[in-house]
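> Pasting a predicted model and its sequence here:
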Amino acid sequence: MFHKKILITGASGFIGSFLVEEALRSGYIVYAGIRPGSSRNFLQQEGLRFIQLDLASRELLERQLVHFNRLEGGFDYIIHNAGITHSRRKEDFQLVNDRYTRHLVDAVMAAGKPPEKFIFISSLAAGGPGDPLHYKPIRIADPEHPLSAYGRSKLSAENYIKSQPGLPYIIIRPTAVYGPRDKDFLKYFRLLGKGIEPYIGRGPQMISLIYVKDLARATCRLLDCGRLRASYLVSDGVAYNKKDLSRCIRKILERPTIKIRLPLSLSRAVVWGTEKISSLFGRLPFFHSEKLREIAAPNWLCDSQELWKELEIQPDYTLEGGLMETSRWYKEKGWISPARTRTY
């Protein structure tokens, strides 16, 4: 395992930067795959190497990999994490998450030295939510029915990867990921910090979560396990209802809140109006109808026992432990007010 070379695409982002840290900690020679102009704020580790990859061009990407294979002997492992979760245009999801993945896979195979393992970081959204009546946890073998362009783009990329007979792939579908450096959960921290606790709809909702360091640890451990051409769901294994997250953050922030419950019908009407206005400018609003469908789905609970059994480990972080570490980081960086944040 030691001294093997690993490429991590999307290395400058939230999840990618933690994958880099974990891979370095595990003894790999790590190449951070970045775009020109990508921030290196979270990529300051000694010994980290950088490689600028043009995922938009299959031909250029192939030439880059052929050149690297000739000079450095190729990558032993690849973790393909690059992608987008938000966009102003629906078609961008298919372009970046699906087509660019195909470019990388094609270039890797054409360059003549496929890696020992190719791990693709997908999403629980690729499969869609679970049974809304009985709240049975989602399983990796369940039929897929993604609700969004984002989920459909990830599923399409998964299917292309599976179609390549010579590619030693592993596909990972994480549930909602939280932790330091993340800006999506930051929005929720800030809302609760202002005393606002929003809910959409009145029905129960069950969710799974995973702390980013546990996800990075599991991903890197999969590099060292023997199974190939397999897919896994990733969560911390705990079933949460939609109030558990806000309750835990409120406790950490020591902040009372006012619960605001928005009827689903009203939320749909507001989102519909926002989309109509945004469409006049050729844009997709941040909070759109597909995002609403995902947020309002009653069951995002997933079964990740197969993964942890395969790795013979368990997650290190509880929800409270992960959120406490996240809030401390937000406070230290000035992303949230330190006035009421607990530091124990």
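Received, thanks. Since the model is a prediction, treat every value here as computed from it, not as a measurement. Numbers count the residues shown, from 1 in each chain.

> Could you report the distance from residue 93 to residue 72?
Between residue 93 and residue 72 the computed distance is 33 Å (Cβ to Cβ, to the nearest Å). (Glycine included, C-beta is placed from N, CA and C.)

> between these two, who's got more neighbours?
residue 93 (24 against 13; other Cβ atoms under 10 Å).

> could you list every residue that touches the closest residue to that one other than its chain neighbours?
Distance criterion Cβ to Cβ, 6 or more residues apart in numbering; nearest residue to residue 93, sequence neighbours excluded, is residue 153 at 4.1 Å. Counting by Cβ atoms under 8 Å, 6 or more residues apart in numbering, residue 153 makes contact with 93, 94, 96, 97, 98.

> again, but for residue 267
Residue 267 makes contacts with 200, 201, 292, 296, as judged by Cβ under 8 Å, 6+ apart.

> The first one touches residue 292, doesn't it?
Yes - with contact taken as Cβ atoms under 8 Å, residue 200 and residue 292 are classed as touching, separated by 7.3 Å.

> in the stretch 201-344 of the chain, which spans are strands?
Secondary structure of the stretch 201-344 of the chain (DSSP state E, counting those that start in this stretch): strands at 206-207, 209-211, 230-234, 240-241, 258-262, 299-300.

> Need the max-distance pair from the contacts of residue 267.
201 and 292 (10.0 Å; Cβ to Cβ).

> Out of the contacts of residue 267, who's the most crowded?
Busiest of the contacts of residue 267 [other Cβ under 10 Å] is residue 292, holding 21 neighbours.

> Give me the nearest residue to that residue, chain neighbours excluded.
Leaving out its chain neighbours, the residue that sits closest to residue 292 by Cβ to Cβ, 6+ apart is residue 271, at 5.2 Å.

> same thing with residue 289?
residue 271 is the one closest to residue 289 (Cβ to Cβ, 6+ apart), at 5.3 Å.

> Just confirm the one you found contacts residue 290, I think it does.
No - judged on Cβ under 8 Å, residue 271 makes no contact with residue 290 at a distance of 9.5 Å.

> I'd like the distance between residue 310 and residue 232.
Distance from residue 310 to residue 232, by Cβ to Cβ: 7 Å.

> any shared contact partners between those two?
residue 222.

> Show me which of those two is the more surrounded one.
Using other Cβ under 10 Å as the criterion, residue 310 and residue 232 rank with residue 232 on top: 22 against 16.

> partners of that one in the sheet?
Note on residue 232: beta-bridge partners by DSSP bridges are residue 172.

> Quick one: work out the angle between the worst-scoring helix or strand of the chain on mean pLDDT and strand 258-262.
Within the chain, no helix or strand scores below helix 264-279, which has a mean of 74 by mean pLDDT, DSSP states H and E. Per axes from the mean of the first three to the mean of the last three Cα atoms, to 10 degrees, the angle that helix 264-279 makes with strand 258-262 is 80 degrees.

> ok now helix 264-279, how far from the chain's centre?
Distance of helix 264-279 from its chain centroid, counting by Cα atoms, centre = their mean, to the nearest Å, is 26 Å.

> How about stretch 78-85?
For stretch 78-85, the gap between its own C-alpha mean and the chain's C-alpha mean amounts to 8 Å (Cα atoms, centre = their mean).

> any weak-confidence spans in the protein?
The model of the chain has pLDDT under 70 over residues 1-2, 282, 284-288, 339-344.

> run the last query once more with 90
The model of the chain has pLDDT under 90 over residues 1-3, 35-39, 86-90, 112-113, 197-204, 224-227, 242-243, 254-256, 259-297, 337-344.

> all helices for it, in order.
Taking DSSP state H as the criterion, the chain carries its helices at 14-25, 58-72, 90-93, 100-110, 149-162, 184-193, 212-222, 242-253, 264-279, 289-296, 305-311, 319-332.

> In CSV: the ones you listed, plus distance to residue 7.
Converted to CSV, the helices of the chain look like this (distance: least, Cβ to Cβ, whole Å):
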stretch, distance to residue 7
helix 14-25, 10
helix 58-72, 9
helix 90-93, 23
helix 100-110, 9
helix 149-162, 16
helix 184-193, 26
helix 212-222, 13
helix 242-253, 34
helix 264-279, 37
helix 289-296, 30
helix 305-311, 22
helix 319-332, 27
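
> Thank you kindly, that will do.
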